[in-house]
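J.: From the sequence below, what's the structure:
(4 chains)
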There are 2 protein chains.
Amino acid sequence: MTKRRFDGLAPGEGASPDRYDPVRFERQNVTVDLVIFTVRDRTLKLLLIERGEPPYQGSWALPGGFVRKDESLEDSARRELLEETGVRDIYLEQLYTFGDPGRDPRTRVITVAYFAIIASDRQVLHASADATDARWFSVTGLPRLAFDHERIVDYAIERLRNKLEYTTVGFQLLPEQFTLTELQNVYEIILGKQLDKRNFRKKILSLAIIQETGETKMDGVHRPARLYRFSDAKFMLLKEKGILFPF
Amino acid sequence: MTKRRFDGLAPGEGASPDRYDPVRFERQNVTVDLVIFTVRDRTLKLLLIERGEPPYQGSWALPGGFVRKDESLEDSARRELLEETGVRDIYLEQLYTFGDPGRDPRTRVITVAYFAIIASDRQVLHASADATDARWFSVTGLPRLAFDHERIVDYAIERLRNKLEYTTVGFQLLPEQFTLTELQNVYEIILGKQLDKRNFRKKILSLAIIQETGETKMDGVHRPARLYRFSDAKFMLLKEKGILFPF
DNA sequence: ACAAAAGTGTTGAGAGTACACCCATGC
DNA sequence: GCATGGGTGTACTCTCAACACTTTTGT
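T.: Numbers count the residues shown, from 1 in each chain, chains lettered A, B, ... in the order given. Next up is the predicted model:
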């Protein structure tokens, strides 16, 4: 039976930080990786960057980077997000932590994955601010990804789909004002199936989470659509009645 | 605009592991912490250990320990579980990663929290195999906990409650053979409310996930109860119809 | 007047909820 | 025979699911 130990520190660390056993308790490389979603051209897209160096040189990978010494994990993710996209104050959520030895061929790297959502009107992606290329890819047409990033992406998409059903994450993909058809499109795109217009509207309106703005959206040639916005918070859990499970 | 970087490595690390910038990219202390649940005496309990050293000396804390160099996060959690409880092959799931600087007063420690479930007939806790004391506490009567462990526990309980509704995690708390009343008790204990016996049985049986063993459990004095076991896997997601949301 | 998207109600089916009594056993 | 937990069915309500036509606008 091994001796029980829980310090939150390597042995001896509390007293003198340099005396930890470098073999068994070597500190770890910790990164954050981001799966950044948006909707454009009626498809769900996510942001990838092209790797400039080996390994996986020339492959596409999730944006991310090292967790710095004195920032929280979420701060770290928000910093990376800002660096990659120039966007702040958007929905961000921790996804899962991937730490298999061997997921990076060079050395052991533990990565805390986050997923983020950028509203369709805020994709101000400064096309390639430096050497590496950054692009939006449709989730249905992703290239081969570096490391275990495919697994991370799969997990993120699954989580997004699930959360659509009992939260208002879906709304994060839309501008502040939106039409019910636009909202329905977001749901259809992410769930990958058609929804009934009447049932969808009935359900959303029954939840009393949006309100009319009084304005309409003239797309030019057709009947103008009413614009709505959220009643309360930007993100909420829908207790009690789920949201769109049945669809 | 900061230069974009995603190596999965500290700068220079690939070529020569010692040249990374120790200030911005210092490697991190990474631990796993475990919230280990069981049900006994008609209450939901979890395992805590008493800390022998500062900080929080004498306080209770979640079992856990350092992630070793060449083990995966889950392996790390399973190893700790085995060391603390002597139990293997039980349900274990990654919960969330907590990494606020300052959550450990000594130095920065990132912890990947897991939650585990031990069936009520397997609590072979070798009472204190070493100096530190380990005990089961009812979740309604927890002592003050070390570090941010209260937050971790709260999160674990919330997750357990949620998962009860759309998975068969609840079944993990029971022995291989169990009565419907025992199953219902598990649900009532975790959800913290009474359930209707007829409705509960109707629902569970309609899911066709358990089968009669043909045996009965004689508790001595009353009518013997039929024993059941799972039909298929030990753990499953209940797609389509949720499971017990309505209760 | 016509093309195209916006907007609107009803009905049937199925699941959830509430509710009360008889059964089998040990003492 | 009695105390105790095991075991069973029905009726009401409400949400989900399917389904088609009218309205408003620009051209």
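J.: Setting aside sequence neighbours, what's the nearest residue to the residue of chain A found nearest chain B?
T.: Relative to chain B, the nearest point of chain A is A:R27 (3.5 Å; CB to the nearest CB). C-beta here means a position set from N, CA and C on the backbone, and glycine is covered the same way. Spatially, and ignoring its direct neighbours in sequence, A:R27 is nearest to B:R27 (3.5 Å; CB to CB, 6 or more residues apart in numbering or on different chains).
J.: Please parse chain A into its domains.
T.: Domain assignment for chain A by automatic domain parsing gives A:29-164, A:168-230.
J.: Turn those into JSON lines, columns for mean pLDDT and mean neighbour count.
T.: Rendered in JSON lines, the data for the domains of chain A read as follows (pLDDT from 0 to 100; neighbours: other CB atoms under 10 Å in any protein chain shown):
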{"stretch": "domain A:29-164", "mean pLDDT": "93", "mean neighbour count": "19"}
{"stretch": "domain A:168-230", "mean pLDDT": "94", "mean neighbour count": "15"}
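J.: before we move on, the earlier item: burial of the residue nearest to A:R27, as a residue count?
T.: Counted with other CB atoms under 10 Å in any protein chain shown, the neighbours of B:R27 add up to 19.
J.: Can I get the helix or strand harbouring A:A116 in PDB? Just the C-alpha atoms.
T.: Taking DSSP states H and E as the criterion, A:A116 maps to strand A:109-117. The C-alpha trace of strand A:109-117 is given here as PDB (Å, rounded to 0.1, in the frame of the first residue of the first chain):
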ATOM      1  CA  VAL A 109       1.500  18.200 -22.700                       C
ATOM      2  CA  ILE A 110      -1.800  18.500 -20.900                       C
ATOM      3  CA  THR A 111      -4.300  20.700 -22.500                       C
ATOM      4  CA  VAL A 112      -7.500  22.200 -21.100                       C
ATOM      5  CA  ALA A 113      -9.900  22.500 -24.000                       C
ATOM      6  CA  TYR A 114     -12.500  25.300 -24.100                       C
ATOM      7  CA  PHE A 115     -15.200  26.100 -26.500                       C
ATOM      8  CA  ALA A 116     -16.300  29.600 -27.500                       C
ATOM      9  CA  ILE A 117     -19.000  31.000 -29.600                       C
END
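J.: what's the spacing between that strand and its chain's center?
T.: With CA atoms, centre = their mean, to the nearest Å as the basis, strand A:109-117 stands 8 Å off its chain's centre.
J.: Identify the neighbouring strands of it in the sheet and state each direction.
T.: strand A:29-40 (parallel), strand A:91-98 (antiparallel) (DSSP bridges).
J.: A:V169: which of the ones you listed is closest?
T.: A:V169 lies closest to strand A:91-98 among the strands paired with strand A:109-117, at 6.6 Å (CB to CB).
J.: For A:L145, which residues count as its bridge partners?
T.: A:W60.
J.: for DNA strand C, what are the nearby residues on chain A?
T.: A:179-181, A:197-199, A:201-202, A:216, A:219, A:221-226 (CB under 7 Å from any atom of the strand).
J.: Return the closest of these with respect to DNA strand D.
T.: Closest approach between those and DNA strand D, by CB to the nearest atom of the strand: A:R223, at 2.9 Å.
J.: Distance of A:A208 relative to DNA strand C?
T.: Going from A:A208 to DNA strand C by CB to the nearest atom of the strand, to the nearest Å gives 15 Å.
J.: List the contacts of that residue.
T.: Each residue near A:A208 by CB atoms under 8 Å, 6 or more residues apart in numbering or on different chains is listed here: A:S231.
J.: And it, its phi and psi?
T.: Per-residue torsions, A:A208: phi 50, psi 40 (degrees, to the nearest 10).
J.: Same question for A:R198.
T.: Dihedral angles for A:R198 - degrees, to the nearest 10 - are phi -70, psi -40.
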